[in-house]
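got a structure for you, letters missing:
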């Protein structure tokens, strides 16, 4: 096919034009921010669980039928409030019977102390002594006459026999007096023992009667009743009728590792007073719920175990926190933090400025010529979207916070300043999670 001439002319004209030259793209635009220098409190953060400061189980001390329940399940009760009542009639009858036996013992003691048996026995001894004296005088008179041959032998023998009889009567009276006196003392002791036993029985019956009315030993929140009215309750105490827990204040228990303990010398120096009343050098402690980002409740450490658990290598500590609003319930998972260090001139950068490679964490900084520089850093604690860093970075540096994928070390970029919020005083408290 023959090509028209004008096509050849057009193609020749196109082929004779100037060649295309490569034009480099403009430097990418990145957003930069300067580090912030401020005081930072470093914290040790750990998790724990709340427990009530007091827990009391209500158990029966006498056997009987549950007659009344005087509390509302789940409500707040005060110390001394009447909670449950066991049928009191059998115990009232037992008390009255004991009181009757006590009166009988008092009457028996009064009768024993008023006995005149000792006086009667003593009078009998005195009478026998008088008869002996009279018999001795009569025997002496007759013996004098007998020696003068005035009195017959028969009369002398009669009087001698009568004197011996009177002396034997006197000995018998003395023995009877001794026996009467011993019997009197023994009876008094027996009556007093019976009186004491009766008094103890009355006291025991009064206690049993008082146990029928169960009151709250502490103030707090009461659980549901585990036994319905009308059921028989045994006196063994095996059945928990209800439970009262005191939640104001409230405890929070946690465990910390031995490594973390080494970072808290003040905790190792805490000691309990000799009387057990308080712990010296209490450390402030903050608490927050799992759903909260901060730590709104303030308390203090008031107890720690004497030593570490050899199986886990951890130390158990306890914090106490006010809980007037009952926002904390026993068994809740909580977060706690403890201040362990102060840094007056810490450098903080936005967390989004951090990158990670095989060497660790780094930041990309822009120098005065607009060139990107690689800076290796070590990160510390987080503070409200910022992160404490140490390493090849100064407060005058400009670190890239946006456009990290467009920047390469040694390449040129166009920096644009970012408006970064300064961490507030509330957020300047740093927290490090305990491992």
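Cool, got the structure. The model shown is predicted, which means the values in this text are computed figures rather than measured ones. Numbering: from 1, shown residues only.

so what are the domain limits for the protein?
29-41+344-433, 61-87+212-238, 92-210, 247-341 (automatic domain parsing).

for the record, mean pLDDT for the helix or strand that contains residue 248?
Here residue 248, judged by DSSP states H and E, is contained in strand 240-257. Regarding strand 240-257, the rounded mean pLDDT is 93.

same deal with stretch 21-37?
Rounded mean pLDDT across stretch 21-37 is 84.

hmm, who's touching it?
Residues from elsewhere that reach stretch 21-37 (CB atoms under 8 Å, 6 or more residues apart in numbering): 345-350, 353, 366, 370, 386, 389, 393-404, 406-407, 411-418, 420, 422-423. All C-beta atoms are positioned from the backbone trio N, CA, C, and that covers glycine.

could you redo the last one with a cut-off of 7 Å?
Residues from elsewhere that reach stretch 21-37 (CB atoms under 7 Å, 6 or more residues apart in numbering): 345, 347-350, 353, 366, 370, 386, 393, 395, 397-403, 406-407, 412-418, 420, 422-423.

helices along the stretch 151-300 of the chain, start to end?
153-211, 258-262, 265-268 (DSSP state H, counting those that start in this stretch).

now for those, which one comes closest to residue 111?
helix 153-211 (8.0 Å; CB to CB).

what helices and strands are in contact with the closest one?
Secondary-structure packing of helix 153-211 (3 or more CB pairs under 7 Å, 6 or more residues apart in numbering; DSSP states H and E): helix 89-113, helix 117-147.

adding mean pLDDT, write these out as a markdown table.
Supplementary listing: the helices and strands packed on helix 153-211 in a markdown table, determined by pLDDT from 0 to 100:
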| stretch | mean pLDDT |
| --- | --- |
| helix 89-113 | 90 |
| helix 117-147 | 75 |
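
who wins for proximity to residue 294 among those helices?
That would be helix 89-113 among these, by CB to CB, at 56.5 Å.

for that closest one, which outside residues touch it?
62, 64, 187-188, 191-192, 194-195, 198-199, 201-202, 205-206, 208-209, 212.

got the buried residues for that helix?
By neighbour count on 16 or more other CB atoms under 10 Å, the buried set for helix 89-113 is 90, 91, 94, 95, 98, 101, 102, 105, 108, 109, 112.

those into JSON lines, with extra columns for distance to residue 319?
Converted to JSON lines, the buried residues of helix 89-113 look like this (distance: CB to CB, whole Å):
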{"residue": "90", "distance to residue 319": "49"}
{"residue": "91", "distance to residue 319": "45"}
{"residue": "94", "distance to residue 319": "50"}
{"residue": "95", "distance to residue 319": "49"}
{"residue": "98", "distance to residue 319": "51"}
{"residue": "101", "distance to residue 319": "57"}
{"residue": "102", "distance to residue 319": "55"}
{"residue": "105", "distance to residue 319": "58"}
{"residue": "108", "distance to residue 319": "64"}
{"residue": "109", "distance to residue 319": "62"}
{"residue": "112", "distance to residue 319": "67"}
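
low pLDDT regions in this protein?
Within the chain, the stretches with pLDDT under 70 are 1-20, 115, 118, 146, 150-151, 269-281, 419-435.

can you tell me the centre-most residue of it?
residue 53 (4.4 Å; CA atoms, centre = their mean).

which stretch of helix or strand covers it?
Using DSSP H and E, residue 53 falls in strand 36-59.

show me what counts as buried in that strand.
Applying 16+ other CB under 10 Å to strand 36-59 flags 36, 38, 40-46, 48, 50-53, 56, 58-59 as buried.

please pull up the helix or strand immediately following it.
Toward the C-terminus, strand 36-59 is succeeded by strand 64-69 as the next helix or strand (DSSP H and E).

does anything pack onto whichever helix or strand comes after that following strand? Which helices or strands?
Using DSSP H and E, the helix or strand that follows strand 64-69 towards the C-terminus is strand 76-77. For strand 76-77, the packing partners by 3+ CB pairs under 7 Å, 6+ apart come out as strand 220-222.

from the rest of the structure, what touches the strand it packs on?
54, 71, 74, 75, 76, 77, 242, 244, 245, 246, 247.

let's see it at 8 Å
52, 54, 56, 71, 73-77, 83, 216, 242-247, 326.

and if you look at stretch 234-246?
In contact with stretch 234-246 (CB under 8 Å, 6+ apart) are residues 52-63, 71, 77, 83-84, 214, 216-227, 233, 330.

and it, how far out from the chain middle?
Offset of stretch 234-246 from its chain centre (CA atoms, centre = their mean, to the nearest Å): 18 Å.

buried residues of it, list them for me.
Residues of stretch 234-246 classed as buried by neighbour count (16+ other CB under 10 Å): 241, 242, 243, 244, 245, 246.

alright, I will stop here.
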